[in-house]
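S.K.: Sequence plus predicted model, see below.
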Amino acid sequence: MKDSQYLDVKLKLRDTESIVLTPGYLIGCILNSLESIFGEIGGKTSLDIVKFSAAERRLILRVPQEFVERARIAVTLIGHYQEVPCHFQVLNASKNQLDFDSKNDENVVRL
């Protein structure tokens, strides 16, 4: 996707035992936040998770350049994931594809 930015996002949860952490649930949570903050988002938004690590609770999002500011706002304002208090932290943003600084690559899923 040209004219995109990549966001390295970490999910911090109060209780990690009672949740199911999957790319599908994460993208749904982000899209719900976008819709609740900015209204109907329709087909204008194409967020992609290009890398996901359940063990580290991190993901790399690919976001269209014109939508980066809204995506960052929506991600950082999420307060619950599957009804568990949480917050998302954007660790890094870049026009070049980002990667995790993981020593344990077996826990990283490339999508």
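M.R.: Perfect, thanks for sending it.
S.K.: All the strands of the protein, residue numbers only.
M.R.: Ranges of strands within the chain are 4-13, 48-53, 58-64, 80-81, 84-94, 108-110, based on DSSP state E.
S.K.: out of those strands, deepest packed?
M.R.: Ranked by mean neighbour count, these are led by strand 58-64 with a mean of 22 (mean count of other Cβ atoms under 10 Å). Placement of C-beta: from N, CA and C, glycine included.
S.K.: and for that strand, what are the contacting residues?
M.R.: Strand 58-64 is contacted from outside by 1, 3-11, 23, 26, 30, 45-53, 71, 75, 91, 97-100, using Cβ atoms under 8 Å, 6 or more residues apart in numbering.
S.K.: Minimum distance to Leu34: which of the strands of the chain has it?
M.R.: strand 58-64 (10.6 Å; Cβ to Cβ).
S.K.: Adjacent strands (with direction) for that closest one?
M.R.: Using DSSP bridges, the strands paired with strand 58-64 are strand 4-13 (antiparallel), strand 48-53 (antiparallel).
S.K.: any idea which helix is longest in this protein?
M.R.: helix 23-38 (DSSP state H).
S.K.: now the strands paired with strand 58-64 as CSV including mean pLDDT and distance to Phe38?
M.R.: Formatted as CSV, the strands paired with strand 58-64 follow (pLDDT from 0 to 100; distance: least, Cβ to Cβ, whole Å):
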stretch, mean pLDDT, distance to Phe38
strand 4-13, 95, 17
strand 48-53, 94, 19
